[in-house]
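Visitor: Sequence and predicted structure, then a few things I'm wondering about:
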Amino acid sequence: MENAKIANLYNLDETIAGEYLSQFTYPWEALAGISDFIKKIGPTLDTEKFEQLGEDIWVAKSATVAPTAYLNGPLIIDEEAEIRHCAFIRGSAIIGKGSVVGNSTELKNDIIFNNVQVPHYNYVGDSILGYRSHMGAGSITSNVKSDKTLVVVKDSYDTKEEIETGRKKFGAMLGDFVEVGCNSVLNPGTVIGRHTNIYPLSRVRGVIPADSIFKDKDNVVLKK
């Protein structure tokens, strides 16, 4: 399933977790160890650039964190990131350089690459968002199936391959430069290839190939 491999989704130079991710073939394999990874590298971060604000919470001194934001560890907020009013970070999260976590946005067990925007009323759980990806206002990752069964990744639009992940909680894997339209729902097990546009109000599932346009109204994937 080439479309869903880390090597084809992400530039690993654009995250503090690049070395960690490089040991896996598929990005969801990294979800189980995010918390432990943060606890491991947090104490090694440059104290001239980062400060420890609480138990297992490291925040870059150049980052901006609104006083109304809630931060729970394990957590790393990298340089020049912006955490806005009433953001809710539940823990096990890495927020990349220059990224924006907006008002009333909730994060949990995520790797957010550099220069990512989740700026307005987003929920992102058990997910990895690639470099310069963007989630429009109100778009969310749904990380648990309604029947509570384990998530299977399906490459329905290309190779028809399926992979059993063994995970009950699995949100979405967004490749670099992905655009998600407002009020879209990324269903459990969604993997979106680089440079893909998701139309607003879409309900997305499965593996979407790189350089595509997903139109939920027609339930089709078009190449750009």
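Guide: Received the coordinates, thanks.
Visitor: drop to CA atoms for contacts and neighbour counts, all remaining ones
Guide: Fine.
Visitor: Residue 112 is in contact with residue 81, correct?
Guide: No - using C-alpha atoms under 8 Å as the test, residue 81 is too far from residue 112 to be in contact (10.7 Å).
Visitor: quick one, phi/psi of the residue nearest to residue 109 when sequence neighbours are not counted?
Guide: If the residues on either side of it in the chain are set aside, residue 109 comes closest to residue 92, at 4.5 Å by C-alpha to C-alpha, 6 or more residues apart in numbering. Geometry field for residue 92 lists phi and psi as phi 50, psi 50, criterion degrees, to the nearest 10.
Visitor: how far away is residue 92 from residue 184?
Guide: Taking C-alpha to C-alpha, to the nearest Å as the measure, residue 92 and residue 184 are separated by 24 Å.
Visitor: And the helices in the protein, which stretches?
Guide: For the chain, helices defined by DSSP state H occupy the ranges 6-9, 18-21, 34-41.
Visitor: most packed of those?
Guide: When neighbours are counted by mean count of other C-alpha atoms under 10 Å, the highest per-stretch mean among the helices of the chain falls to helix 6-9, a mean of 20.
Visitor: Tell me the span between the first and last residue of stretch 111-128.
Guide: Stretch 111-128 has an end-to-end distance of 5 Å (C-alpha to C-alpha).
Visitor: Could you tell me the end-to-end distance of stretch 48-58?
Guide: Across stretch 48-58, the terminal residues are separated by 12 Å (C-alpha to C-alpha).
Visitor: quick one: buried residues of that stretch?
Guide: For stretch 48-58, burial by neighbour count (16 or more other C-alpha atoms under 10 Å) applies to 50, 51, 52, 56, 57, 58.
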